[in-house]
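*Asks:* Below are the sequence and a predicted model for it; my questions follow.
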Amino acid sequence: MPDTQALGYNQAGYRGEQYLLGPGKVTLTHWTPNVLSFDVEAPASTVLIVNQNYDPGWRLAQGQGTVISSTGLIGVDIPAGRQHLVLAYGSRPFRIGLGITLSTSH
């Protein structure tokens, strides 16, 4: 069985598919397996938690913040304010392979 930190809706400690560690509001606006979009309103800096296992391939494609591992889940350390965040996933091996392919094609 794979090691996972994500919780199912019927497990103890489940807080939703996305939530803030501090006060504020987060709304999922778009979901695909490799792109997640959120509207966030936070009166103070906080961390957005996405109930998916963290992988270093996740990056912030739009918005202000830093993608982190928060107890094994995807976290985004964000400043106070209102913003639209877009997280995108691209594994390092895929990016390396794409770079090689593009550099060798004519």
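*Replies:* Nice, thanks for sending it over.

*Asks:* Ignoring the adjacent residues along the chain, who's closest to Gly65?
*Replies:* Ile78 (4.0 Å; Cβ to Cβ, 6 or more residues apart in numbering). C-betas here are computed from N, CA, C, even on glycine.

*Asks:* Val67 is in contact with the one you found, correct?
*Replies:* No: with contact defined as Cβ atoms under 8 Å, Ile78 does not count as touching Val67 (10.3 Å).

*Asks:* which of the two has more neighbours?
*Replies:* Neighbours were counted for Ile78 and for Val67 using other Cβ atoms under 10 Å; Ile78 has more, 24 against 21.

*Asks:* Please give me every residue in contact with that one.
*Replies:* By Cβ atoms under 8 Å, 6 or more residues apart in numbering, Ile78 lies in contact with Val40, Ala42, Ser45, Thr46, Val47, Leu48, Gly63, Gln64, Gly65, Leu85.

*Asks:* Repeat that for Leu21.
*Replies:* With Cβ under 8 Å, 6+ apart, Leu21 has these contacts: Thr46, Val47, Ile49, Ser70.

*Asks:* Can you give me the distance of it to Thr104?
*Replies:* Plainly put, Leu21 is 45 Å away from Thr104 if you go by Cβ to Cβ, to the nearest Å.

*Asks:* picking that back up, just the buried subset of the contacts of Ile78, written out for PyMOL, thanks.
*Replies:* The buried residues among the contacts of Ile78 can be selected in PyMOL (16 or more other Cβ atoms under 10 Å) with this line:
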select buried, resi 40+42+46+47+48+63+65+85
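
*Asks:* Let me have the contacts of Ile78 in CSV, adding pLDDT as columns.
*Replies:* Output for those, formatted as CSV (pLDDT from 0 to 100):
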residue, pLDDT
Val40, 98
Ala42, 97
Ser45, 97
Thr46, 98
Val47, 98
Leu48, 98
Gly63, 97
Gln64, 97
Gly65, 97
Leu85, 97
